[in-house]
Each structure stands twice: as C-alpha cells, then as structure tokens.
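K.L.:
sequence first, predicted model second:
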Amino acid sequence: MQELINEGLKVPRDSRAKRRLEELVARGEFEVIDPAAALAGRPRYLVTFMRSLTGFQIRSATVVTVTNQAPRPNPVSVSYFLGLTDNTSPVGATSLVIPPDFTIDFATRSLPDTLTATNSVPSPELTFDEGRAIVSSRLPQIGVSSRIYYTAGDDDEELLAITDSKVVRFGQANHGD
C-alpha cells in the first residue's frame, strides 16, 4: 500500500491532505483489491478502443481515468478485452477501492510519471493487445475518461501523440456524439 502514497504527481504536497490520504489507506478505504472482488460491481461504462503494444517502433498504452463521485468508498474495476472476443474472458483486469472525490488512473501497463501517473495496472501488464475495456463499480456515481498514449523508445521516453477513446454507458448505443 505504501506505493499508493509515495511521492508522485497525484500525491498531495499539503501536509493536511497527505495525512488524510494516509488515514484512508490505514483504514482500508483506499486500497488495491483482487479484481475478482470488484467484479461484484456492475458494468457501468464501455471504453470503445483500447491498445497496448510494446514490441514495435511505436508503442502504446491505454489509461482509463475514474473519479468516484459517490459519498462512500467505491470498489472499481477495469477489465480489458481483445477486440474479437466476448465479455467473458478479459486479458487483464485491475481494481481499487476509491475514496469519495478521488481520481485514479488505471492503465494497461506502466508509463513513466513524466507522461502520466498511473495508479493501477493489470498483472501481467498488457504488451500486445487491442480491443476494449469495461469499467465496473459497486456504486454508480463515477466519472470516466480514457486516452491512449503513443510513444517511442524502449522506456517510452518520447511522446508521439495522445488520443481520446470514446466512452459510452455500458449496454447503450453511441448517439453519434
């Protein structure tokens, strides 16, 4: 759990806010959980495109940002699926209990903090995958966005582009927006 509150881009520098974060971690209200435990939540959003590649000149990783707007801690899971499969066998999943008002980045694989601070990645990380992601939560009050980082270099040291992926409510149609 210590990696959740180590110095980083998302960790508060204000001493009062940092103490509050440490208290939440100590009480178990902000914790990494087994993805299977979070799957008890309902699918809420579909990220229509996910890509995570490392074996080519142009590399990619998908980052799904989730903000918990519920008044209580909310178990949230992001499951990644290949494009030519159904929703029964994810190639990766990652979960966290998110405290109220917190924003967390779930990613297909680790990225350097100079690009974005990722909080949760599947094990093993996704390195040759393309498809979609499903965001599930126990409580419905979450906000979701997604983007794909395209990089070059063995350690993602050169940022080439960032694109947004469409996020739609799970089980509902895209209205052309």
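P.N.:
On my side now, so go ahead. Numbering: from 1, shown residues only.

K.L.:
buried set for stretch 140-151?
P.N.:
By neighbour count with 16 or more other Cβ atoms under 10 Å, stretch 140-151 contains the buried residues 142, 144-151. Bear in mind the C-beta positions are built from the backbone N, C-alpha and C, glycine included.

K.L.:
against residue 121, how distant is the residue nearest to the spatial centre of the chain?
P.N.:
In the chain, the centroid-proximal residue (Cα atoms, centre = their mean) is residue 106; its distance is 1.5 Å. From residue 106 over to residue 121 the distance is 7 Å, taken as Cβ to Cβ, to the nearest Å.

K.L.:
residue 87 too?
P.N.:
Distance from residue 87 to residue 121, by Cβ to Cβ: 21 Å.

K.L.:
now swap in residue 80 and tell me
P.N.:
10 Å.

K.L.:
pull out the buried positions in stretch 101-109.
P.N.:
The neighbour-count check on stretch 101-109 (16+ other Cβ under 10 Å) flags 102, 104-109 as buried.

K.L.:
follow-up on the earlier one: how about the nearest residue to the residue nearest to the centre of the chain, chain neighbours excluded?
P.N.:
Closest residue to residue 106 apart from its sequence neighbours, by Cβ to Cβ, 6 or more residues apart in numbering: residue 78 at 4.2 Å.
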